[in-house]
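**Q** Just the structure for this:
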Amino acid sequence: MSTHGVISNDAPGNGSVTNVNMKLEVVVIPVSNVDRAKEFYSRLGWRLDADRTAGVNLTSAPPGSAQALHLVVSDIVAARQQLVAQHIDASEVFHCASGTGCRFPGIDVRVSGPHPEGLSYGSFVSFKDPDGNGLVAPGSHGTASWTRLGRHGPI
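**A** Got it, this is the predicted structure:
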């Protein structure tokens, strides 16, 4: 996803629609233990921008209910190696038997190994945080470093 512009659908008869640059900056991930979650996500290389007691009870969603959060990577093999090096229990690299639905539990069949054609967003690694929130890293098997939404620069 590019943050350089937004594709707009002009309203019929209205030729003056302004393009607005939109970015997803914050996602609330429901956890049961904030300190444990901070330690886990810091191992992913995430930057802690604020640490306030107001961070408690931000959502009524139960801990572990966030699933299939996507962390986009440009080198799936290197991303998995980095996760394992940070003692994160990551799946083997996999691709879907057909399409890309297997990144969600119970949809399609996961096939071991990177996508045979090296398609972007065709290979995946999945892992969970300590509360069971599910994260998926889609990517290809190139040579660039891991990038993720909301983070400036590689890990």
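**Q** Straight-line length of stretch 23-41, end to end?
**A** Here the two ends of stretch 23-41 are set 20 Å apart, with distance taken as Cα to Cα, to the nearest Å.
**Q** try stretch 61-68
**A** 15 Å.
**Q** same question, stretch 59-67
**A** Using Cα to Cα, one end of stretch 59-67 lies 15 Å from the other.
**Q** One more: stretch 62-76?
**A** So stretch 62-76: terminal residues 30 Å apart, Cα to Cα.
**Q** Could I get the buried residue list for it?
**A** Counting neighbours by 16 or more other Cβ atoms under 10 Å, one finds that the buried residues in stretch 62-76 are 63-64, 66, 70-76. In short, each C-beta sits where N, CA and C put it, glycine included.
**Q** all strands for this protein, in order.
**A** All strands of the chain, identified by DSSP state E, fall at 69-70, 94-96, 110-112, 123-128, 134-139.
**Q** So for V84, which of these sits nearest?
**A** With distances scored as Cβ to Cβ, the stretch of the strands of the chain nearest to V84 is strand 123-128 (9.6 Å).
**Q** C-alpha coordinates for the closest one, PDB please?
**A** What follows is strand 123-128, C-alpha atoms only, in PDB (Å, rounded to 0.1, in the frame of the first residue of the first chain):
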ATOM      1  CA  SER A 123       4.500 -16.500   0.700                       C
ATOM      2  CA  PHE A 124       3.700 -16.300   4.400                       C
ATOM      3  CA  VAL A 125       4.900 -16.800   8.000                       C
ATOM      4  CA  SER A 126       2.500 -16.800  10.900                       C
ATOM      5  CA  PHE A 127       3.000 -16.300  14.600                       C
ATOM      6  CA  LYS A 128       1.100 -15.300  17.700                       C
END
